[in-house]
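Chemist: Kindly return the folded structure for what I paste below:
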Amino acid sequence: MEFKTTKEDTKLTVAIAGRLDTLSAPDLEKGLEPELAGITDLVLDLKDLEYISSAGLRVLLGLAQVMEKQGNMKVTNPGDAVMDVFSVTGFDDILNIE
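Modeler: Model prediction:
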């Protein structure tokens, strides 16, 4: 898993690629934690995310909870495999997916 952040004022866009699983989810969580200070809009671009496990879902849920207090979070461009996981787990009702 790789992620790239782009910051514009109070908006942070995170492009996530590869597999977000038990091994990589802690890296994403630790990498984004310091970036969220002062952020009111968080965009997670999942265009290049191939797979997400329950550990990855936990990180997304944690980010959503943080952003609920600070502003807004949206998920963009999930592929079919990731969208299937969101649908089966009910995350399509929890997350703002575009």
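
Chemist: pull the longest strand from this structure.
Modeler: Within the chain, and with DSSP state E defining each element, the longest strand by residue count is strand 41-52.

Chemist: would you list every one of the helices in the chain?
Modeler: 25-32, 54-70, 80-89, 91-94 (DSSP state H).

Chemist: mind exporting the third one as PDB, just the C-alpha atoms?
Modeler: Listed next in PDB are the C-alpha coordinates belonging to helix 80-89 (Å, rounded to 0.1, in the frame of the first residue of the first chain):
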ATOM      1  CA  ASP A  80     -15.800  -2.500  -8.000                       C
ATOM      2  CA  ALA A  81     -13.900  -4.800  -5.600                       C
ATOM      3  CA  VAL A  82     -13.700  -2.100  -2.900                       C
ATOM      4  CA  MET A  83     -17.200  -1.000  -3.500                       C
ATOM      5  CA  ASP A  84     -18.400  -4.700  -3.000                       C
ATOM      6  CA  VAL A  85     -16.700  -4.700   0.400                       C
ATOM      7  CA  PHE A  86     -18.300  -1.400   1.300                       C
ATOM      8  CA  SER A  87     -21.700  -2.800   0.300                       C
ATOM      9  CA  VAL A  88     -21.400  -6.100   2.100                       C
ATOM     10  CA  THR A  89     -20.200  -4.500   5.300                       C
END
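
Chemist: Buried residues in it, which are they?
Modeler: V82, M83, V85, F86 (16 or more other CB atoms under 10 Å). Bear in mind the C-beta positions are built from the backbone N, C-alpha and C, glycine included.

Chemist: can you check the last one too?
Modeler: Judged by neighbour count (16+ other CB under 10 Å), helix 91-94 contains these buried residues: F91.

Chemist: ok, residues contacting that helix?
Modeler: L57, L60, L61, A64, M83, V85, F86 (CB atoms under 8 Å, 6 or more residues apart in numbering).
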